[in-house]
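**Q** kindly return the folded structure for what I paste below:
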Amino acid sequence: MNLLSATPGRHRGAHEREPSGRLGAGDLTGLGRLLAFMLRRDRLWMPLWVLGLAALTAYFANAIAVVMDADSLQDMTVFAKNPVMALITGPGYGLDDVSVPRFIVGMYGVFLMIGTALMSIMTVSRHTRAEEQTGRAELVRANVIGRHTQLIAALVLTVIMNAVVAALMAVAFQFSDAEPDSLASTLLFTIGIGVVGCVFAGIAAVTVQLSAFARAASGMAGAVLATSFVIRGIGDMSAVGQGDLDWLSWLSPLGWAQQTAPFTLDRWWPLWFAAGLFLLLVITALVLQSRRDLGAGIVAERLGRAHAGRGLSTTFGLAFRLQRSGLLWWSVGLLVMGSIFGSFTGAMDESADGMPEEILAIMGGRSGIVDGYLGYMALYFAMIVSVYAIIAAGGLRGEEQGFHTEPVLATAVSRTGWMLSWAGVTLLGSAWLMLLAGLGEGIGAATSMGDWGLLGPTVLGHLAQTASVWALLGLSYLLYGFAPRLMGLSWIVFAASAVLALFGSMLQLDEAVLDASIFTHIGQYPSENLSAEAVLGFLVTAAVLVGLGGLGFRRRDLVTA
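**A** Below you'll find the predicted structure:
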């Protein structure tokens, strides 16, 4: 008797789909061994993320308690209850009777949530779709490994990372100078952050089934994160401004964690929404995986033309074609975001009379509140575009790891020319996105204020911030050229710079410390004069770093098949 025909369930290929799409009993075979392998592989990745987020929590908790006395904390509370800050940070529960723990939860919690969300998205994509794209998943599944083992192992690993992050955050917060009086509230705060990370792990688990490319899958999950942030921001801004759109906050996973209101209301039940969504996402991801082939995506790839257009005859054209889809989605998103945020300019101007003098001084005074808001948003959009820029730069490494760079360089294309073409598209794409953000912001502001003279200065203020984005890009390409494994350092520089720019003044840090941020040198035009020296310096720095990166790429070994 033919053994293969007698025991078809045992010998079915690992990549062959179940005809019914149902989950089989052996789909999780080898889970423990594969999870151990992932933990070993992430022996550097995991500690960097986990300890980094825990250290950031410890910094916030101790710095706020040491720097701010009761009077300064009360002044900053008034600022935190402003609609603009609600847009960025959250609803600010408990700020009417402020304490250091309540202030930290209200002002900094959402940024820690974004950190765990990014950690989860990249971890799931790294261990699932990236493995399929490079062909390593086929080698793994040629062993005694179940169909869904790799996906579940990646999710278990990510849940473990979020649990460890939440535990370390709780320890760092509870034993800090903030001196929270309730361990239960501390646990609610940090568990909420970890739960948000788990939700976005589930979102990434679904997006990696949809696209055949890791970069596209991560981009889709990142777009969901950005949308969640914007929806939550509009809802919280409306709530603080006594509007009627506060219900939007309940449509965002970020909003669910903030609605628990640690140290104020201490509500655990909003986290059940997140738990239910995570379970639904995992089930959806497993069902989708059952209905696709290994290496393929649910969304079928479109067939290309039989003959390439003239635009693809150059390396710049090819680089643009590979980045075009992501740039398009970012363009639409930033134009819409700019228009929405700009439309709140009139509300800011109307609420200026109720602001304390200290806050008016920060925002440019009563007569300059509009310019102050627009200048601040230019800085804010520079940080958002920096995320696009670092991701796009990382796409070059993804091309190399996916063995797509080698065929390009097998033609009459130099290494330096290929890298500089990719960098050129990213640099121009960043400037384009800042232009769109400025246009949207300017049009929204001009419409709400009835003053179209705001359009030009707003666009100029946003474009000027491009120089700082380019400097970050230069660092990314320098690292790619010499040590691509260290490209994650760009995220560390970005995170530190963003924290200093957003909260350094509130923490009353020394000017020398604030100058360490890449975002604090150009000036928030139109409320502040632009620094031509800073703009020129950043442009020269970006050019030098990209050039050096090209030299490094020409000399190092290439990842080949």
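**Q** tell me which residues touch Asn62, please.
**A** Taking Cβ atoms under 8 Å, 6 or more residues apart in numbering, we find Asn62 in contact with Ser176, Asp177, Ala178. (Each C-beta comes from the backbone N, C-alpha and C, glycine too.)
**Q** in which helix or strand would I find it?
**A** With elements delineated by DSSP states H and E, Asn62 resides in helix 45-67, which encompasses its position.
**Q** okay, that helix in PDB with CA atoms only?
**A** Extracted in PDB, the C-alpha atoms of helix 45-67 (Å, rounded to 0.1, in the frame of the first residue of the first chain):
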ATOM      1  CA  TRP A  45      15.900  43.400  19.200                       C
ATOM      2  CA  MET A  46      13.700  42.500  22.200                       C
ATOM      3  CA  PRO A  47      15.900  44.100  25.000                       C
ATOM      4  CA  LEU A  48      16.400  47.300  22.900                       C
ATOM      5  CA  TRP A  49      12.600  47.800  22.600                       C
ATOM      6  CA  VAL A  50      11.600  46.600  26.000                       C
ATOM      7  CA  LEU A  51      14.300  48.300  28.100                       C
ATOM      8  CA  GLY A  52      14.100  51.500  25.900                       C
ATOM      9  CA  LEU A  53      10.300  51.900  26.600                       C
ATOM     10  CA  ALA A  54      10.700  51.100  30.200                       C
ATOM     11  CA  ALA A  55      13.600  53.600  30.500                       C
ATOM     12  CA  LEU A  56      11.500  56.300  28.800                       C
ATOM     13  CA  THR A  57       8.700  55.700  31.400                       C
ATOM     14  CA  ALA A  58      11.300  56.000  34.200                       C
ATOM     15  CA  TYR A  59      12.600  59.200  32.700                       C
ATOM     16  CA  PHE A  60       9.200  60.800  32.500                       C
ATOM     17  CA  ALA A  61       8.200  59.700  36.000                       C
ATOM     18  CA  ASN A  62      11.300  61.000  37.700                       C
ATOM     19  CA  ALA A  63      11.900  64.100  35.600                       C
ATOM     20  CA  ILE A  64       8.400  65.500  36.000                       C
ATOM     21  CA  ALA A  65       8.500  64.900  39.800                       C
ATOM     22  CA  VAL A  66      11.900  66.500  40.200                       C
ATOM     23  CA  VAL A  67      11.500  69.500  37.900                       C
END
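**Q** list the buried residues for it?
**A** Buried positions in helix 45-67, judged by neighbour count with 16 or more other Cβ atoms under 10 Å: 45-46, 49-50, 52-54, 56-58, 60-65.
**Q** quick check, nearest of the residues you listed to Gly398?
**A** In terms of Cβ to Cβ, no member of the buried residues of helix 45-67 lies closer to Gly398 than Trp45, at 15.9 Å.
**Q** any idea how far the closest one is from Ile391?
**A** 17 Å (Cβ to Cβ, to the nearest Å).
**Q** what of Phe538?
**A** Distance of Phe538 to Ile391, computed by Cβ to Cβ: 20 Å.
**Q** the two - which one has more neighbours?
**A** Shown here are Phe538 and Ile391; by other Cβ atoms under 10 Å, Phe538 has more neighbours (24 against 20).
**Q** residues contacting that one?
**A** Neighbouring residues of Phe538 by Cβ under 8 Å, 6+ apart: Ala467, Ser468, Trp470, Ala471, Ile518, His521, Ile522.
**Q** so what's the fourth one closest to, chain neighbours aside?
**A** Yep, that's Ala471 we're talking about. Phe538 (4.4 Å; Cβ to Cβ, 6 or more residues apart in numbering).
**Q** so the one you found is in which element?
**A** Secondary structure assignment for Phe538, by DSSP H and E: helix 532-555.
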